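K.L.:
this is a predicted model, with the sequence first.
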Amino acid sequence: MPDCFCLCAVLLGLLILTLAGCIFYSGLLADITVKTCCPTFNKLTFTYKFKEGAYKDSGELLKEARCIGLGLPCLGVFYEDPKKICAPLCRYAVGCILSEGENKVDEELLKQCKSSGFSVFSFPQVTHVISTSFRHTALFSTYFRVRRVYPQLERYIKERRLCAHPFLELYRDGEIQFIVPLARQGDFYVPEVRQAERKLSEQEEFHSDTDISGTLSFLCCGALAQTDSTVRFNLILLNPDASQHCDHLKAQLL
């Protein structure tokens, strides 16, 4: 009987140590410091795939990008606030960084990316960004980045009344670096977003001509305040059929 108690005590101790190790490894107890600073990168050349839908599905594109650019830093760009925009209307681009600064892109890798359906775009160097970082672990980082990091970023932006968008996630050296540009934000919008903007601006114009009017802006200042997602969200609010369709899409995703 004493041997049984000893065995149980050892197993319980191992379980506690394992849980403590998982918590430490996940970064759950790590401090999150949000700050305004100069970015750690210069100009970025980025190969990516663009998608529209729930952000929880972005992991599939991230896996694909890692397979294409073995050893290269990966990058995700998220354009909407999922708390304010219907999940099926959220847009994002995910891929890997081909070069930084004035470094030349590997032509063979570039051909491989294009043949796999990836597009190429360059992000400029900016003077100031909002930034923080979080430990990147395969098992826990996805969950905790949403639960811990984004509320801190949103609070920082709101308290200081900053115009900051879109949200970038840079995966490098075992960390996720969160970057939100404070300048030249429009240059971080990939061409697919711009094309959709033009198309949906025309749709908004058409609906205005047929007495469907009114807008709700959920994005911050500047020329990007009325993006196509805002337009689409406005139309959903003003069109009962579209609203029912959005609710149906939400039910499918849950």
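P.N.:
Sure, I can see it.
K.L.:
domains for the chain, by residue range?
P.N.:
35-188, 191-253 (automatic domain parsing).
K.L.:
dump those domains into TSV; add mean neighbour count and mean pLDDT as well.
P.N.:
C-betas here are computed from N, CA, C, even on glycine. TSV is the format used below for the domains of the chain (neighbours: other CB atoms under 10 Å; pLDDT from 0 to 100):
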stretch	mean neighbour count	mean pLDDT
domain 35-188	17	91
domain 191-253	15	51
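K.L.:
dump those domains to CSV, plus distance to Gly13.
P.N.:
Formatted as CSV, the domains of the chain follow (distance: least, CB to CB, whole Å):
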stretch, distance to Gly13
domain 35-188, 22
domain 191-253, 42
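K.L.:
remind me what the helix or strand hosting Glu154 packs against, helices and strands.
P.N.:
Using DSSP states H and E, Glu154 falls within helix 150-160. If contacts are counted by 3 or more CB pairs under 8 Å, 6 or more residues apart in numbering; DSSP states H and E, helix 150-160 sits against strand 129-135, strand 175-181.
K.L.:
contact partners of that helix?
P.N.:
Contacts with helix 150-160, where a contact means CB atoms under 8 Å, 6 or more residues apart in numbering, come from 32, 34, 130, 132, 162, 164, 167, 178, 180.
K.L.:
could you rerun that using 7 Å?
P.N.:
With contact meaning CB atoms under 7 Å, 6 or more residues apart in numbering, helix 150-160 is reached by 32, 34, 130, 132, 164, 178, 180.
K.L.:
distance to Leu70 added to those, as a markdown table?
P.N.:
Shown next, in a markdown table, are the contacts of helix 150-160 (distance: CB to CB, whole Å):
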| residue | distance to Leu70 |
| --- | --- |
| Ile32 | 30 |
| Val34 | 32 |
| Ile130 | 30 |
| Thr132 | 27 |
| Ala164 | 32 |
| Phe178 | 24 |
| Val180 | 28 |
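K.L.:
and the two most separated of these?
P.N.:
Pairwise distances across those (CB to CB) peak at 16.5 Å, for the pair Ile32 and Ala164.
K.L.:
please name the bridge partners of Gly76.
P.N.:
Val94, Glu169 (DSSP bridges).
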